[in-house]
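Peer 1: Return a 3D structure for these sequence lines:
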Amino acid sequence: MAAPASSPSSAIGAPPPAAADAIVVEGLRKRYGGADGPEAVKGIDFAVRQGEIFGLLGPNGAGKTTTIGVITTRVKPTGGRVLVDGLDVTRDEVAVKLRLAVVPQRSNLDRSLSALENLTFHAAYFGFGRRERRERALELMERVGLKGREDDRVDKYSGGMAQRLMIARALMHRPQILILDEPTTGLDPQSRLFLWDTMRELREQGTTLILTTHDMAEADQLCDRIAIVDHGEVIALDTPRGLRRLLPSEQGLEVVVAPREGAGRTDATTALDGAPGAERTVVVGTVDDRTTLRVYGTADPADLVARLAARGLELIELRRLEGSLEDVFVHLTGRELR
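Peer 2: The predicted structure is shown next:
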């Protein structure tokens, strides 16, 4: 493969040691529109380890897109430093681009071309020879479940097929780092699970992935660590389990109750009012006189059962639960629309 020309300082040499970080972001700042313009990023710091899936989450306008733009060399920072595989993104743009690839949220495939042509044209840009790029394209199309559809025009592809093709295109030049911007938005469950499996396989093979998503379940399932960004700053960074510890009421109980036979009708939503340690009670729903309640806090199960019985309610089910990643996200960033 013939790489595009680059400066001697950015030439691809021996791979860094396994312990090195794939991406380092130090004091990153970005202000748009001059000295008086709004500051989209206000001093972000984080590092992405090699071979991990790193989640970058935040509300709309939090600074995620700007941060990704700097990492991929599309956006020039106004302060701080970003290193990709040890290379400064502002001084070694060509070498940085060789090391990473981006799968955008919206399809930017050339719909007038076949799937195979989309991949081979991309590989030609990175210097692959004709035979090598065809072999690589066919290999990747089989890998993403598109074997036999190579000659179909992209405008005949479903949304899930197009998303898989974009991942194949991103992998054509064998990048060390893959950035995925909300890759499963609008996909059916089968396509979403296939992409999840693909991301896990890439991680197992040593590829570093950065994932932006508004799907908290997706982030919880896939990410080794997650940074939550809001108002241009990192407000939390930890594993999904570690982030749950930030909740005021990390653990709780879920109970299903029904009116006891012979007892008068009781409002289950107020049955636990005043229960010691019941910091927050949420009604999940009622079906056929059975009401599901979630009680967050340090409430004693025996005390809760006694209170329910005293209100004429029979306990049908009880299980422990812990707050979700979505609970953490809303707790940290608020409920207001952005």
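
Peer 1: Let me see the domain layout of this protein.
Peer 2: As given by automatic domain parsing, the domain ranges for the chain are 20-244, 251-322.

Peer 1: Which among the ones you listed is found nearest to residue 328?
Peer 2: Ranking the domains of the chain by proximity to residue 328 (Cβ to Cβ) places domain 20-244 first, at 4.9 Å. (Each C-beta comes from the backbone N, C-alpha and C, glycine too.)

Peer 1: Check the offset of that closest one from the chain's centre.
Peer 2: Offset of domain 20-244 from its chain centre (Cα atoms, centre = their mean, to the nearest Å): 10 Å.

Peer 1: Now it: average pLDDT?
Peer 2: Averaged across domain 20-244, the pLDDT comes to 95.

Peer 1: start to end distance for that domain?
Peer 2: End-to-end distance for domain 20-244: 28 Å, by Cα to Cα, to the nearest Å.

Peer 1: again, but for stretch 206-225
Peer 2: 16 Å.

Peer 1: Mind listing what's buried along it?
Peer 2: For stretch 206-225, the neighbour count (16 or more other Cβ atoms under 10 Å) marks 207-213, 215-216, 218-220, 222-223, 225 as buried.

Peer 1: same thing with stretch 58-67?
Peer 2: Neighbour-count burial for stretch 58-67 flags 58, 59, 62, 63, 64, 65, 66, 67 (criterion: 16+ other Cβ under 10 Å).

Peer 1: Pull up the distance across stretch 46-57, start to finish.
Peer 2: Start to finish, the residues bounding stretch 46-57 are 13 Å apart (Cα to Cα).

Peer 1: what sits against the closest residue to residue 324 other than its chain neighbours?
Peer 2: Using Cβ to Cβ, 6 or more residues apart in numbering and skipping residues adjacent in sequence, the residue nearest residue 324 is residue 216, 6.6 Å away. Contact partners of residue 216, counting by Cβ atoms under 8 Å, 6 or more residues apart in numbering, are 57, 324, 325, 326, 329.

Peer 1: Please indicate which of those residues are buried?
Peer 2: Those of these that meet the buried threshold are 57, 325, 329, by 16+ other Cβ under 10 Å.

Peer 1: in the stretch 101-250 of the chain, which spans are helices?
Peer 2: Applying DSSP state H, counting those that start in this stretch to the stretch 101-250 of the chain gives helices spanning 115-125, 130-143, 159-170, 189-204, 216-222, 240-244.

Peer 1: May I have the very next helix or strand once past the shortest one as CSV, with CA atoms only?
Peer 2: Sequence-wise, the next helix or strand beyond helix 240-244 is strand 251-259, with elements assigned using DSSP states H and E. Output of strand 251-259 as CSV, limited to C-alpha atoms (Å, rounded to 0.1, in the frame of the first residue of the first chain):
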residue,chain,number,x,y,z
GLN,A,251,-29.6,0.8,44.3
GLY,A,252,-33.2,0.1,45.1
LEU,A,253,-36.1,-2.4,45.0
GLU,A,254,-38.8,-3.2,42.5
VAL,A,255,-42.0,-4.5,43.9
VAL,A,256,-45.2,-5.7,42.3
VAL,A,257,-48.3,-5.3,44.5
ALA,A,258,-52.0,-6.0,44.3
PRO,A,259,-54.9,-5.2,46.6
